[in-house]
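Novice: Pasted the sequence and its predicted model underneath.
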Amino acid sequence: MIACTDDGSGDSAGSTFGLEVGEESDSQTLDSGTSGDEVGDTGTTDTGTADTGTTDTDTGTTDTGTTDTDTDTGGATCGNGEVEDGEECDDGGESGACDIDCTLAECGDAVVNMAAGEACDDGNDIDDDECSNSCSLASCGDGVLNDGEQCDDGNDDDTDACPSSCMNAVCGDSFVLADVEECDAGGESDSCDADCSLATCGDGTLNMSAGEVCDDGNDDDTDACPGCAAATCGDGFVQTDVEECDDGNDVDDDACANDCTDNGCQPLGQRAPLDTLSLNNASGCWDGNPCQFDQYLWNNSHGQNFQAFGQGISCTGASTCVENVGITTYQSESVCQGMWDVYCDGEILGTIDTLNTSCVGSAQGNGCNISFPARQCAAIEIVAADDGDATLGCCGSNQPDSMVTSISAW
């Protein structure tokens, strides 16, 4: 820096300084030149102002003054926690009352505010689109019928007409419709038929999951579908018009062969329990029950007296396999004897002839019997047959006047 003096060289020095400053900065020529003249007159002041003051003033105005003015007048800042001009609210971010854009939170303003419990906000008033008017995402059970839903009753009751699937209740949807369906397994199961009724053999609905091969809806075990299985020989059920017998075993030499044909029953070799006197139209003087006894006893509690052909008595009881029927009569060979036709369950088996024969002792061992192929009998009937004989003496009256005192089948 060149100091200025007050002598004749002072003006020269001042002029020289002012010129140098002017040449160095064209942008400041006007202000600096003027100042230089003024300073040239005053010396020291000129030097301080030209070198420092003018430069400081110019820089302050350009770099600092303008920047401060923009910040102060640039407008409100949303999110700073202060409600400023143009803002409805400012909580420093999203809150239950204030959206992120500093507007008051309101469902339908098209601004999703999760803090306010909104899952969506499409800004419209259409309730059955993807975002309901409550700003919740469309879902089954919200009570609003949306696309893809057949119903929506707003509850979680799976037993009503609109279960939680929001599809109309139907059999097979795995929901049991109260008072309509008994079950619903989503299809056939071992406990539930495909029609949503409980699986039961005989209900008329085929349920293969329950092991059924057929189901004809009845309890007839003699048809083609006993017990919901196809009728077969060996199942223990005699199929009508197909099998003669079916004992359910694989023993071929018993009463029922393995092809379900009748081998004939197998008598047990003992007296059958046919002890009940069921039919009695004999008209004689004795009216006992010979069905109860095997041994001969001349007693009116045993004896039945026949005084007309065609009269008969019947002994009944549990069906039993038998192949013999025998009787006892009065001890005289010429008195109270006769002939009797023998029937098993209404079918004639043969005739017992006691004329000129002693039929005492055991009905099973006295020879006064008939034999026939073994068969099941539940009723043995003997009927007085025309014997061409005129025996008298039992009751001393009408012919044939014959007597039976015991009857056995074995």
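Specialist: In hand now; what should we look at?

Novice: Tell me which stretches of this structure form helices.
Specialist: Under the criterion DSSP state H, the chain contains helices at 8-24, 29-42, 44-48, 54-59, 66-73.

Novice: Which pLDDT does the model give the nearest residue to residue 138 once chain neighbours are set aside?
Specialist: Using Cβ to Cβ, 6 or more residues apart in numbering and skipping residues adjacent in sequence, the residue nearest residue 138 is residue 146, 4.4 Å away. Bear in mind the C-beta positions are built from the backbone N, C-alpha and C, glycine included. Turning to residue 146, the model gives it a pLDDT of 87.

Novice: I'd guessed residue 108 sits against residue 121; true?
Specialist: Yes - counting by Cβ atoms under 8 Å, residue 121 is a contact partner of residue 108 at 6.7 Å.

Novice: between these two, which one's more packed in?
Specialist: Ranked by neighbour count (other Cβ atoms under 10 Å), residue 108 and residue 121 place residue 121 first, with 20 against 15.

Novice: Would you agree that one is in contact with residue 133?
Specialist: No - using Cβ under 8 Å as the test, residue 121 is too far from residue 133 to be in contact (10.2 Å).

Novice: Show me the domain layout of the chain.
Specialist: Structural domains annotated on the chain: 90-138, 276-409, as defined by automatic domain parsing.

Novice: Endpoint to endpoint, the shortest one covers what distance?
Specialist: Spelled out, it's domain 90-138. End-to-end span of domain 90-138 (Cα to Cα, to the nearest Å): 30 Å.

Novice: And for the last one?
Specialist: Its first and final residues considered, domain 276-409 spans 13 Å by Cα to Cα.

Novice: so what sits against both of residue 108 and residue 121?
Specialist: With Cβ atoms under 8 Å, 6 or more residues apart in numbering applied, the overlap between the contact sets of residue 108 and residue 121 consists of residue 135.

Novice: any low-confidence regions in this structure?
Specialist: Across the chain, residues meeting the criterion (pLDDT under 70) sit at 1-74, 390-393, 396-400.

Novice: which residue is nearest the centroid of it?
Specialist: residue 185 (2.8 Å; Cα atoms, centre = their mean).

Novice: show me what contacts it?
Specialist: Taking Cβ under 8 Å, 6+ apart, we find residue 185 in contact with 174, 191-192.

Novice: Any figure for the gap between it and residue 194?
Specialist: 9 Å (Cβ to Cβ, to the nearest Å).

Novice: give me every residue that touches residue 318.
Specialist: Taking Cβ under 8 Å, 6+ apart, we find residue 318 in contact with 272-274, 378.

Novice: Quick one: buried ones out of these?
Specialist: For these, a burial check counting by 16 or more other Cβ atoms under 10 Å picks out 272, 274.

Novice: which of the contacts of residue 318 sit farthest apart?
Specialist: Greatest spatial distance among those (Cβ to Cβ): 273 and 378, at 10.4 Å.

Novice: rewinding a little: my guess is the residue nearest to residue 138 contacts residue 152. True?
Specialist: Yes - with contact taken as Cβ under 8 Å, residue 146 and residue 152 are classed as touching, separated by 7.0 Å.

Novice: Pull up the overlap in contacts between these two.
Specialist: Here residue 146 and residue 152 share the contacting residues residue 140, scored by Cβ under 8 Å, 6+ apart.

Novice: neighbour-wise, which of those two wins?
Specialist: Between residue 146 and residue 152, counting by other Cβ under 10 Å, residue 152 is the more crowded of the two (20 against 17).

Novice: any idea how far residue 161 is from the more buried one?
Specialist: Residue 152 is 12 Å from residue 161, where distance means Cβ to Cβ.

Novice: Residue 96: how many residues sit nearby?
Specialist: 11.

Novice: Appreciated, that's everything.
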